[in-house]
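Visitor: I need the structure of the sequence given here:
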Amino acid sequence: MVWCSVSQHHRTKLVVIAGSLNAVYYREDILLPHAVHFLQAHPDMTLQHDNATSHTARSVHDFLQDRNISVLPWSAKSPDLNTIEHIWDLLDRRVRARALPPRNVWVLAGALVEEWGNITQQELANLVQSMRRRCTAELNAVDGHTRY
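Guide: From the prediction side, this is the model:
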């Protein structure tokens, strides 16, 4: 697993998560050293994470609230409307396109970090900017399919 945070103009480094992600790991090893600083440096931003159990745990909610970090309320079944899902797809395609596919999890982690560094901020900005179109398409689809 990996974690990162992006906005139209900024991004964090890609964090490789060793093992499984629980609320304590998410709070202490992801949010505290990476997300909190990023979000406090850009107070106009709102955190958007999905409804993974580690993200919605009471201790995580309280932790973020204590630091005045706003969190976007999010529907449980709306991955198409989360920019990060499209970033994971872009990162996946880049790793799969490499001449030598990763042979093990350590090589994969290195390839992910390297490819993350190769994605331009403009590519990330384009994905962030596309969210208005995606949300509009979702609303117009009325429980139907969208091209996204």
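
Visitor: use CA for all of it now, contacts and neighbours both
Guide: Noted.

Visitor: remind me which residues of this protein are low pLDDT?
Guide: Counting by pLDDT under 70, the chain has low-confidence residues at 75-80, 143-145, 147-148.

Visitor: middle-most residue in it, spatially?
Guide: Most central in the chain under Cα atoms, centre = their mean is residue 84, positioned 3.9 Å from the mean C-alpha point.

Visitor: That residue in helix, strand or coil?
Guide: Under DSSP: H, G, I helix; E, B strand; the rest coil, the three-state class of residue 84 is helix.

Visitor: Let me see the contact set for it.
Guide: Contacts for residue 84 (Cα atoms under 8 Å, 6 or more residues apart in numbering) come out as 5-6.

Visitor: again with residue 35
Guide: Residues near residue 35 by Cα under 8 Å, 6+ apart: 5, 12.

Visitor: so where do the helices sit in this protein?
Guide: Along the chain, counting by DSSP state H, helices occupy 23-25, 36-41, 53-56, 58-66, 83-96, 105-118, 121-129, 131-141.

Visitor: Can I get those in CSV including distance to residue 2?
Guide: As requested, these are exported to CSV (distance: least, Cα to Cα, whole Å):
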stretch, distance to residue 2
helix 23-25, 13
helix 36-41, 17
helix 53-56, 14
helix 58-66, 18
helix 83-96, 9
helix 105-118, 8
helix 121-129, 17
helix 131-141, 22
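
Visitor: Which of these sits closest to residue 12?
Guide: The closest of the helices of the chain to residue 12 is helix 36-41. By Cα to Cα, the value is 7.2 Å.

Visitor: Excluding sequence neighbours, find me the nearest residue to residue 111.
Guide: Spatially, and ignoring its direct neighbours in sequence, residue 111 is nearest to residue 95 (6.4 Å; Cα to Cα, 6 or more residues apart in numbering).
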